[in-house]
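Q: got a sequence here, can you model it:
(one chain, ligands or ions: 1)
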Amino acid sequence: MPEYRAAVLGCGGRGRAHAAGYAAAPNARVVACADAFEETARVLASQHAGAVVYTDYRRLLAEQRPDVVSICTWPHLHREMVEAAVQSGAKAIHCEKPMAPTWGDARAMHKVCAAAGVVMTFCHQRRFGAPFRIARDLLRAGEIGEIVQIEGYCPNLFDWGTHWFDMFHFYNEETPAQWVIGQIDVTEEQTVFGVPVETSGICQVLFRNDVRALLVTGQAPQSPRLAKLVERVGIVIHGTTGRMEIATGAVRLRVCRFGHAPLEPEMPAWPEATILSVQNLLECLESGAEPELSSARALRATELIFATYESSRRRARIVLPLETEDSALLTGLEAGYWNPQPQPPV
Ligand SMILES: NC(=O)c1ccc[n+]([C@@H]2O[C@H](COP(=O)([O-])OP(=O)(O)OC[C@H]3O[C@@H](n4cnc5c(N)ncnc54)[C@H](O)[C@@H]3O)[C@@H](O)[C@H]2O)c1
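A: Reported below is the predicted structural model:
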């Protein structure tokens with residue numbers, strides 16, 4: 001089994017989580033860490049014997065030629081870092097979500113890796129989380145009958161919504177979407193990891209197997225009733241004979257079968273999801289299998305984000321594939337279509 005030399009670009013919260021994944025793997029080690037702040041890179045490197053510190057990620061790639069590169073910076077840097085990692089000869093890239101601020105950038109990243117034969121994954125690590133996996137096992141076992149509709153609730157389409165759009169595909173057995181209809185409101189000034197997001201939004205998706213999904217975003221107004229199901233961030237799966245609720249705050253799964261008392265399965269001891277995501281990437285690098293978090297899957301989730309923005313711009317249903325390359329939200333902001341107001345500090 002070869003030993004993979006891994007590098008981490010961006011050594012903040014997510015960089016540390018990825019590095020823990022390589023440290024836990026029997027066939028990988030972190031050889032270098034890059035961060036714009038030397039001290040941040042130094043702190044992470046000090047936890048991985050022999051890891052070299054850089055403030056210039058391009059120099060790291062040129063000097064270290066890592067086999068696997070974790071990209072854990074904010075979204076506007078993902079594309080340039082992916083392209084540089086591919087040029088440096090990396091075999092695999094594990095990049096943080098969301099893919100990129102525009103649909104064009106997300107597609108370009110996927111294309112450059114596919115052309116070079118580089119295995120790329122995006123860290124939609126909820127696919128490896130205990131309640132999510134157990135819910136899918138129960139769904140596959142027919143506990144709530146046939147799946148009809150999946151609902152997601154979260155703060156925004158881009159940063160959080162990417163997880164739920166991805167999980168819609170996870171529960172719907174990777175079936176592609178057919179069309180999207182949505183609306184966003186951008187009245188409050190808000191950015192997440194440097195990217196402007198909507199104040200509130202709604203998106204309905206029809207998948208090719210007739211399953212529907214609904215994503216509702218925004219934190220206002222507070223919804224105490226909804227909180228009884230999934231707190232403020234969660235997923236509800238509606239089946240023909242019951243429903244499942246997965247809440248992320250207290251991490252709880254509830255299975256409600258019509259005519260029966262609700263069940264809350266015990267959550268077993270479970271490895272950390274990001275560690276499992278790194279492990280899966282390394283295994284797939286060996287076997288040639290498609291990783292659970294493949295960029296092809298991430299692209300399907302990402303398309304739903306930008307198709308929702310596009311639907312809002314065109315006031316129309318968007319039949320996929322989405323052809324416009326920009327982000328209709330970013331373009332709309334530049335054009336003054338929305339004038340979000342600054343918010344008082346919380
Ligand atoms: N998968 C998840 O559940 C999850 C959770 C939180 C954040 N994220 C995503 O992870 C990404 C990073 O989030 P974070 O919380 O780790 O952010 P962070 O701010 O903690 O870390 C980002 C790091 O990148 C560094 N950086 C900036 N420019 C750089 C450059 N040119 N070269 C090298 N390093 C540079 C910063 O100094 C910082 O240390 C974001 O895209 C975010 O959306 C994912």
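Q: contacts, neighbours, all on C-alpha from now
A: Will do.
Q: the ligand contacts on the chain?
A: Residues of the chain lying close to the ligand (Cα under 6 Å from any ligand atom) are 9-15, 34-37, 57, 72-75, 96-98, 123-124, 159, 193.
Q: give me the buried subset of those residues.
A: When burial is judged by neighbour count using 16 or more other Cα atoms under 10 Å, the buried members of the residues of the chain next to the ligand are 9-12, 14-15, 34-35, 57, 72-75, 96-98, 123-124, 159.
Q: quick one: which helix or strand includes residue 149?
A: strand 147-154 (DSSP states H and E).
Q: how about the helix or strand following that strand as PDB, C-alpha atoms only?
A: Beyond strand 147-154 on the C-terminal side, the first helix or strand identified by DSSP H and E is helix 161-171. What follows is the C-alpha trace of helix 161-171 in PDB, where atoms were taken according to Å, rounded to 0.1, in the frame of the first residue of the first chain:
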ATOM      1  CA  GLY A 161     -27.800  24.600   1.300                       C
ATOM      2  CA  THR A 162     -25.000  22.900  -0.600                       C
ATOM      3  CA  HIS A 163     -25.000  20.200   2.200                       C
ATOM      4  CA  TRP A 164     -28.800  19.700   1.900                       C
ATOM      5  CA  PHE A 165     -28.900  19.700  -1.900                       C
ATOM      6  CA  ASP A 166     -26.200  17.000  -1.700                       C
ATOM      7  CA  MET A 167     -28.200  15.100   0.900                       C
ATOM      8  CA  PHE A 168     -31.300  15.200  -1.300                       C
ATOM      9  CA  HIS A 169     -29.300  13.200  -3.900                       C
ATOM     10  CA  PHE A 170     -28.000  10.900  -1.100                       C
ATOM     11  CA  TYR A 171     -31.500  10.000   0.000                       C
END
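Q: tell me the first helix or strand C-terminal of helix 161-171.
A: Downstream of helix 161-171, the next assigned helix or strand under DSSP H and E is strand 177-185.
Q: distance of residue 212 relative to the ligand?
A: In this view, residue 212 and the ligand are 25 Å apart by Cα to the nearest ligand atom, to the nearest Å.
Q: neighbours of that residue, how many?
A: For residue 212, the count of nearby residues is 20 (other Cα atoms under 10 Å).
Q: which residues does it form beta bridges with?
A: Beta-bridge partners for residue 212, by DSSP bridges, are residue 149, residue 206.
Q: residues contacting it?
A: Taking Cα atoms under 8 Å, 6 or more residues apart in numbering as the criterion, residue 212 is in contact with 148-150, 204-206.
Q: just put those in CSV and tack on distance to residue 64 and neighbour count.
A: Listed next are those as CSV, based on distance: Cα to Cα, whole Å; neighbours: other Cα atoms under 10 Å:
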residue, distance to residue 64, neighbour count
148, 50, 18
149, 48, 21
150, 45, 26
204, 45, 20
205, 44, 26
206, 46, 18
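Q: and of these, the nearest to the ligand?
A: The closest of these to the ligand turns out to be residue 150 (Cα to the nearest ligand atom; 20.5 Å).
Q: how near is the residue in the stretch 101-250 of the chain positioned nearest to the ligand to residue 154?
A: Among the residues of the stretch 101-250 of the chain, residue 123 lies nearest to the ligand; the distance is 5.0 Å by Cα to the nearest ligand atom. Relative to residue 154, residue 123 is positioned 17 Å away (Cα to Cα, to the nearest Å).
Q: residues touching stretch 6-16, excluding its own?
A: Stretch 6-16 is contacted by residues 18-19, 22, 28-36, 40-41, 44, 57, 66-73, 96 when judged by Cα under 8 Å, 6+ apart.
Q: likewise stretch 155-163?
A: Contacts with stretch 155-163, where a contact means Cα under 8 Å, 6+ apart, come from 97-98, 124, 126, 154, 192, 197-201, 215, 217-219, 233, 301-302, 305.
Q: re the thing from before, skip the chain neighbours and tell me the closest residue to the residue of the stretch 101-250 of the chain closest to the ligand.
A: Here the nearest residue to residue 123 in space, its sequence neighbours aside, is residue 96; by Cα to Cα, 6 or more residues apart in numbering that works out to 5.0 Å.
Q: against residue 298, how distant is the one you found?
A: 11 Å.
Q: common neighbours of these two, please.
A: Taking Cα under 8 Å, 6+ apart as the contact criterion, the residues that touch both residue 96 and residue 298 are 122, 124.
Q: follow-up on the earlier one: per-residue confidence at the residue nearest to residue 123?
A: In the prediction, the pLDDT value recorded for residue 96 is 98.
Q: now swap in residue 1 and tell me
A: What the model reports for residue 1 is a pLDDT of 67.
Q: just residue 268 next, same as before
A: At residue 268 the predicted local distance difference test score is 89.
Q: repeat for residue 46
A: 98.
Q: what do you get for residue 225?
A: 74.
Q: tell me how far stretch 139-151 lies from the chain's centre.
A: In terms of Cα atoms, centre = their mean, to the nearest Å, the centre of stretch 139-151 is found 23 Å from the chain centre.
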